[in-house]
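> what follows is a predicted structure for the sequence shown.
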Amino acid sequence: MGKFQSSKVYDGFSTVFRQWRAENTHCRFVHGYGISFKIYFEGEIDEKNWVFDFGGLKRAKTLIDGKQPKAYFDFMFDHTMIIAEDDPYLNAFKQMDEAGVAQVRIIPATGAEKFAEYLFNKLNPFIREETDNRVRVTKVKFMEHGKNAAYYSE
């Protein structure tokens, strides 16, 4: 028996971050990209013959960290500065947020691979709950400026 799969791209986000552990490269500096990500779904089709309604995130009843999915994506990635929770200059970045010169978001780690993992870990439980476990996220592709991509899958 075959499997039903689909995918959806979310784009139009601008964010900055740094790889503070990349001591010997320019990636240790704050730098930004236009970013996007692609979510891969798998599951049984519904009464409309869809795996997941591509517009379903707009109508979702389930929230991600207390926000509608689109609002969550904007909160995390639209004109934001994403900082790793173990960055040695975390307090300086928090001061920038408090001063109102940056919208700082703190997550476990930065970089395309870690962003893909972060999104997977946020979206898979959300999609499972939203679809009563009919659908799951199988993979997230995270893209920097359309040329670089990293993937995370279960």
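Yep, it's here. Bear in mind that the values here come from a model prediction, so they are computed numbers and not experimental data.

> all strands of the chain, in order?
4-17, 31-43, 80-84, 104-107, 135-144, 148-153 (DSSP state E).

> gap between the shortest one and the chain center?
Translated: strand 104-107. 12 Å (Cα atoms, centre = their mean, to the nearest Å).

> repeat for the third one
Using Cα atoms, centre = their mean, we find the averaged C-alpha position of strand 80-84 to lie 12 Å away from the chain's own average C-alpha position.

> and that strand, which strands flank it?
Strand 80-84 has these partner strands in its sheet, going by DSSP bridges: strand 4-17 (parallel), strand 104-107 (parallel).

> for those, which one sits closest to residue 146?
Closest approach to residue 146 among the strands paired with strand 80-84 (Cβ to Cβ): strand 4-17, 8.7 Å. Just so you know, the C-beta spots here come from the backbone N, C-alpha and C atoms, and that holds for glycine as well.

> okay, angle between that closest one and strand 135-144 too, please.
Put simply, strand 4-17 runs at 40 degrees to strand 135-144, going by axes from the mean of the first three to the mean of the last three Cα atoms, to 10 degrees.

> quick check: buried residues in strand 4-17?
6-7, 10, 13, 15-17 (16 or more other Cβ atoms under 10 Å).

> any idea of the angle that strand forms with strand 31-43?
160 degrees.

> could you give me the average pLDDT of strand 4-17?
The average pLDDT within strand 4-17 is 95.

> next one: it to chain centre, how far?
With Cα atoms, centre = their mean, you get 7 Å for strand 4-17.

> from now on call the first residue 236
Understood, numbering begins at 236; the last thing we discussed is strand 239-252.

> alpha carbons only: can I get that strand in CSV?
Only the C-alpha atoms of strand 239-252 are listed here, as CSV (Å, rounded to 0.1, in the frame of the first residue of the first chain):
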residue,chain,number,x,y,z
PHE,A,239,0.4,9.9,0.7
GLN,A,240,2.9,12.8,1.1
SER,A,241,2.8,16.5,0.4
SER,A,242,4.9,19.6,1.2
LYS,A,243,4.5,23.3,1.7
VAL,A,244,7.1,26.2,1.5
TYR,A,245,7.0,29.1,3.8
ASP,A,246,9.1,32.1,2.7
GLY,A,247,9.6,35.8,2.8
PHE,A,248,11.4,35.9,6.2
SER,A,249,14.5,38.0,7.0
THR,A,250,16.5,37.1,10.0
VAL,A,251,20.0,37.4,11.4
PHE,A,252,22.0,35.1,13.6
